[in-house]
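In: Build me a model from this:
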Amino acid sequence: MSFAPEQFASANKAAIEAFLTFANTAFASVERLAALNLNTARSTLEDSVATTKALLAVKDVQELAALQSSLARPGVEKAVAYARGVYEIATEAQGQFSKAVEEQVGELNKNIASVLDKAAKSAPAGSDAAVAAVKSAFAAANSAYDSINKAAKQVAEIAEANVAAATDATVKAVGAAPAKTKKAA
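Out: Alright, predicted model coming up:
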């Protein structure tokens with residue numbers, strides 16, 4: 001069995017397209033992350049200036065305690081929002097990478113199946129058992145890949161749910177803390 005130059009050209013074109021998909025996804029994600037970091041840095045600087053001005057205006061310990069409790073929640077909420085933003089960017093990039101890999105694996109599977117069918121047609125008499133064994137091994141490998149892929153998606157979904165739950169719990173805990181502080185004072 002031989003491969004025609006068109007097959008090599010087609011394979012090279014597919015590889016270049018896959019590389020460009022990965023590169024574009026990576027650059028878009030880095031660009032979004034850079035914008036998030038820049039906006040967060042700008043917001044943090046503005047908040048620091050406002051906090052400094054508020055601290056300079058404090059006249060007694062009670063005002064300082066009230067100011068401190070009022071500043072804690074927005075800071076934690078902004079940190080949680082930043083973490084959510086980073087997580088969202090990473091999750092979307094991972095999803096796009098996974099989709100591209102799945103497409104490549106699907107195309108590879110079609111090509112291998114085609115090659116196996118051509119090999120079976122041109123195989124010498126009596127090699128049916130060997131061809132069937134190769135096809136069976138190929139089917140088993142695909143089944144294993146599908147199982148691993150499904151398990152990985154389930155793990156990602158569970159992790160995403162746990163991150164969301166932890167984030168919500170953190171925000172609620174910080175929201176409850178100032179109320180407890182006010183009751184104690």
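In: With adjacent residues omitted, what lies nearest to Arg44?
Out: Check again: residue 44 is Thr, not Arg. Lys78 (7.7 Å; Cβ to Cβ, 6 or more residues apart in numbering). For glycine as for every other residue, the C-beta is placed from the backbone atoms N, C-alpha and C.
In: Count the neighbours of Glu102 for me.
Out: 13 (other Cβ atoms under 10 Å).
In: Scan this structure for its longest helix.
Out: helix 61-122 (DSSP state H).
In: give the contact list for the most centrally placed residue in the chain.
Out: For the chain, the residue nearest the mean C-alpha position is Thr91 (2.3 Å; Cα atoms, centre = their mean). Thr91 is in contact with 156, 160, counting by Cβ atoms under 8 Å, 6 or more residues apart in numbering.
In: what does the one 5 residues further on give?
Out: Listed by Cβ under 8 Å, 6+ apart, the contact set of Gln96 reads 21, 25.
In: ok, it to Ala28 distance?
Out: Going from Gln96 to Ala28 by Cβ to Cβ, to the nearest Å gives 9 Å.
In: Distance from the helix or strand of the chain with the lowest mean pLDDT to the middle of the chain?
Out: Ranking every helix and strand in the chain by mean pLDDT, DSSP states H and E puts helix 128-184 at the bottom, with a mean of 75. Helix 128-184 has its average C-alpha position 11 Å from the chain's average C-alpha position, going by Cα atoms, centre = their mean, to the nearest Å.
In: tell me the angle that helix makes with helix 61-122.
Out: 170 degrees (axes from the mean of the first three to the mean of the last three Cα atoms, to 10 degrees).
In: where does Lys59 land in three-state SS?
Out: coil (DSSP: H, G, I helix; E, B strand; the rest coil).
In: quick one: furthest residue from the center of the chain?
Out: Outermost residue of the chain (Cα atoms, centre = their mean): Ala125, 50.2 Å.
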